[in-house]
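Student: Just to be clear, the model below is a prediction. Sequence and coordinates:
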Amino acid sequence: MAWLTKSRFLSGLQCHKRLWFDIHQPIEDSAEPNIQILQGKAFDEVVQGLQPGVVISRERGMPAAIAETKRVLAKGSRAASTLYQPAFRAGNLAVIADVLRRAGAQFELVEVKATTQVKETHLPDAAFQALVLQRAKIPVGRVFIGHVNNEFVLRRAGDFEGLLVEADITESVRGYLAEAAARTLEFQEVMASDRMPSIVVGPHCLSPYECPFLARCTAGQETPEYPVDVLPRGGKTVATLLADGYRDLRDVPAKRLTDEMHRRVFDATCSGLAFFDLAATTELRRLTYPFAYLDFETISFSVPEVIGTRPYEQLPFQWSVHVEYAAAEIRHAEYLAIESFGDFDPLARSLIGALPTAGPIFAYNASFEEQVLLRLAELLPGQAAALRGIAGRLVDLLPVARAAYYHRDMRGSWSIKSVVPTIAPELNYEKLDEVQDGDSAQLAFLGLRSRNMKPERAQALRNALLLYCRHDTWAMVVLRRFLCGEAEANLKEFQC
Ligand code: SF4
């Protein structure tokens, strides 16, 4: 019989069918890296460097790791007082803990999470480990969640003292142990059964994480073209409509929708005619040349790399600027730091030089650009005035687009990736090669920094990053003109 491990226990908590799939019809783990996993690994490595200890290798599989853990613990107090990645088995339950350390005659168990606070989902995770250790006769006195201290500031390279904080969750774990024990019995039955549990997709498929089997469970299902959940901030309205059996927004009686934005989305969806309110663009149309358009790409680290920065700060590595000096005069500038990342001075200097000294600077969801500019101003006192001046000239196109425009193909979203293809189909982000969103931009940046990439591959990735950021500012040029009712025809010759 397969062992009930921590990841399977968590699968079972989300859905019996997910657990059953894990055992009977698993999918291969994706070889693709993912930002959250990389953040977690980096934090784990730092934690292991904070206190000396023995790291139990997972390389030869779980049984070998369990045997190795036993060997180390058998040395008693002569063994290292801290074990990283120790593995335990009790009957059909098995677990790899993050940290186990001696505290007198007992042990302390630390579950390491690269989050900045304890989350509800951490409790069953830690409680399952405590249960397995208890049954494996390991006396656990206290249980902690070790997480990232978001007040930490990197003062010296490699000095991470203070990055880890531990929250004592012993009492909560004790309170959950009986439930965890009952669940292990329930889950072992699911695992042993030949029959797939009959569970239909629902909100549980996305909570607390998106289930990896979602595509399998929805395959062959007829999905409505305009599902009712396209209603923005639909909350209770959507839940009530779904409960009443409505799937496609076009089938909903108009009188069921009272919110003005919901009616707008409903009307545009049913009629196929885009909503456009010229009056909502009045302020935008009053602005005069030159117009600048700014977009940053940023990266954040669970373990800070740049002196003076905190965990998970958004640090810029790239910017793109388009400037419209006149209807027929548009220029582009860009900056990408790979090897020189962390030296923000040239990034800021080149940005200040690329922007006109007056006029609006458009961004989409401008609070993000503002936050990046103001943080740069803190880090670079010599350029603070210029950077704050740029932040003060930002004009956000997002609220204007939200108030003035809706096309049914936006499907309830005003992200620039949803809006722009409805007015300029050639600007569909899916047509971009491998960098199509913020996450893939971060992965491309990290890949380029890894230095073990062939030069041709590195050049292709660099080009993809530049194209993506340029695409964002160009999309804003097209969007502003559209919102202002200006001709778009002469734009094509400027497109980079
Ligand atoms: S997609 Fe939903 S129903 Fe299917 S296994 Fe996952 S959680 Fe269960």
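Tutor: Done, it's in.
Student: Within range of the ligand, give me the residues from the stretch 101-250 of the chain.
Tutor: Listed as neighbours of the ligand in the stretch 101-250 of the chain under the rule CB under 6 Å from any ligand atom: 199, 201, 204-205, 211, 213-214, 217. (Glycine included, C-beta is placed from N, CA and C.)
Student: Throw these into JSON lines and include secondary structure, thanks.
Tutor: Formatted as JSON lines, those follow (DSSP: H, G, I helix; E, B strand; the rest coil):
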{"residue": "199", "secondary structure": "coil"}
{"residue": "201", "secondary structure": "coil"}
{"residue": "204", "secondary structure": "helix"}
{"residue": "205", "secondary structure": "helix"}
{"residue": "211", "secondary structure": "coil"}
{"residue": "213", "secondary structure": "coil"}
{"residue": "214", "secondary structure": "helix"}
{"residue": "217", "secondary structure": "helix"}
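Student: And the residues you listed, which is closest to residue 411?
Tutor: The closest of these to residue 411 turns out to be residue 214 (CB to CB; 17.8 Å).
Student: May I see the buried residues of the helix or strand encompassing residue 481?
Tutor: Using DSSP states H and E, residue 481 sits in helix 455-483. Across helix 455-483, burial judged by 16 or more other CB atoms under 10 Å covers 458, 461-462, 464-483.
Student: one step back: buried only: go through the residues of the stretch 101-250 of the chain next to the ligand for me.
Tutor: In those, burial by neighbour count holds for 205, 211, 213, 217, counting by 16+ other CB under 10 Å.
Student: Need phi/psi at the second one.
Tutor: When you say that, I think you mean residue 211. Here is the backbone geometry of residue 211 (degrees, to the nearest 10): phi -70, psi 140.
Student: who touches it in this structure?
Tutor: Residues counted as contacts of residue 211 (CB atoms under 8 Å, 6 or more residues apart in numbering) are 14-15, 18, 205, 217.
Student: with these in mind, which one is nearest to residue 102?
Tutor: Ranked by distance to residue 102 (CB to CB), the contacts of residue 211 are led by residue 14 at 34.3 Å.
Student: Next, that closest one: phi, psi?
Tutor: Backbone torsions of residue 14, given as degrees, to the nearest 10, read phi -80, psi -40.
Student: Just the pLDDT for it.
Tutor: Here, the pLDDT recorded for residue 14 equals 97.
Student: Just confirm it contacts residue 210, I think it does.
Tutor: No - under the criterion of CB atoms under 8 Å, residue 14 makes no contact with residue 210, lying 10.0 Å away.
Student: If you count surrounding residues, which of these two has more?
Tutor: Using other CB atoms under 10 Å as the criterion, residue 14 and residue 210 rank with residue 14 on top: 18 against 10.
Student: what's near enough to touch the more buried one?
Tutor: Residue 14 neighbours (CB under 8 Å, 6+ apart): 204, 207-209, 211.
Student: Any chance of these in a markdown table with pLDDT and distance to residue 310 as columns?
Tutor: Putting these into a markdown table (pLDDT from 0 to 100; distance: CB to CB, whole Å) gives the following:
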| residue | pLDDT | distance to residue 310 |
| --- | --- | --- |
| 204 | 92 | 35 |
| 207 | 88 | 29 |
| 208 | 89 | 26 |
| 209 | 88 | 26 |
| 211 | 95 | 33 |
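Student: Now for residue 43, how many residues are close by?
Tutor: Neighbours around residue 43, by other CB under 10 Å: 24.
Student: whoops, residue 35 was the one
Tutor: The local packing of residue 35 (other CB under 10 Å) involves 16 other residues.
Student: Repeat that for residue 178.
Tutor: Other residues within reach of residue 178, judged by other CB under 10 Å, total 11.
Student: Surely it is within a helix?
Tutor: Yes - secondary structure of residue 178 (three-state DSSP): part of a helix.
Student: So, low pLDDT: which residues of the chain?
Tutor: 30-31, 77, 487-496 (pLDDT under 70).
Student: which one's the longest strand in it?
Tutor: strand 315-326 (DSSP state E).
Student: Could you list the alpha-carbon positions for it in PDB?
Tutor: Listed next in PDB are the C-alpha coordinates belonging to strand 315-326 (Å, rounded to 0.1, in the frame of the first residue of the first chain):
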ATOM      1  CA  LEU A 315      13.000  45.600  -7.500                       C
ATOM      2  CA  PRO A 316      13.200  46.800 -11.000                       C
ATOM      3  CA  PHE A 317      15.500  45.100 -13.600                       C
ATOM      4  CA  GLN A 318      13.900  46.500 -16.700                       C
ATOM      5  CA  TRP A 319      11.900  49.500 -18.000                       C
ATOM      6  CA  SER A 320      10.400  50.500 -21.400                       C
ATOM      7  CA  VAL A 321       9.300  54.000 -22.400                       C
ATOM      8  CA  HIS A 322       7.500  55.200 -25.500                       C
ATOM      9  CA  VAL A 323       7.300  58.900 -25.900                       C
ATOM     10  CA  GLU A 324       4.800  60.600 -28.300                       C
ATOM     11  CA  TYR A 325       6.100  64.100 -29.000                       C
ATOM     12  CA  ALA A 326       3.400  64.600 -31.600                       C
END
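Student: what's the burial count for residue 359?
Tutor: If we define neighbours as other CB under 10 Å, then residue 359 has 18 of them.
Student: can I assume it is in contact with residue 324?
Tutor: No - in this structure, residue 359 is not within contact of residue 324 by CB under 8 Å, at 9.2 Å.
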